[in-house]
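Trainee: Have a look at this fold, sequence not included:
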């Protein structure tokens, strides 16, 4: 089980995966505010083997939605 704990800034290392990718995951909106479209921080809560084709599920936290903060 993996718990998503916050947002991360996409870093230049993403360019090693595919040249030009960073400009697609980080930019600015019409007002000039930074918009990030990738990068999360998570914690492995329960370890184990994961294989292609394994099912995945999402469990939302209880209570009101609160946006993730940058970590």
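Mentor: Nice, thanks for sending it over. From a predicted model like this one, the values you see are computed outputs, not experimental measurements.
Trainee: Quick check: bridge partners of the residue nearest the centre of the chain?
Mentor: Centroid-nearest residue in the chain: residue 40, 2.8 Å away (criterion: Cα atoms, centre = their mean). Under DSSP bridges, the beta-bridge partners of residue 40 are residue 7.
Trainee: Just the pLDDT for it.
Mentor: Residue-level confidence at residue 40 comes out at 86, pLDDT.
Trainee: and if you look at residue 53?
Mentor: Looking at residue 53, the pLDDT reads 96.
Trainee: Tell me how many other residues crowd it.
Mentor: Residues lying near residue 53 (other Cβ atoms under 10 Å) number 5. C-betas here are computed from N, CA, C, even on glycine.
Trainee: Check residue 39 too.
Mentor: Neighbours around residue 39, by other Cβ under 10 Å: 16.
Trainee: Neighbours of the nearest residue to residue 36 once chain neighbours are set aside, how many?
Mentor: Among residues not flanking residue 36 along the chain, residue 26 sits closest, at 5.5 Å (Cβ to Cβ, 6 or more residues apart in numbering). Residue 26: 18 surrounding residues under other Cβ under 10 Å.
Trainee: Could you double-check that residue 26 lies in contact with residue 15?
Mentor: No: using Cβ atoms under 8 Å as the test, residue 26 is too far from residue 15 to be in contact (11.3 Å).
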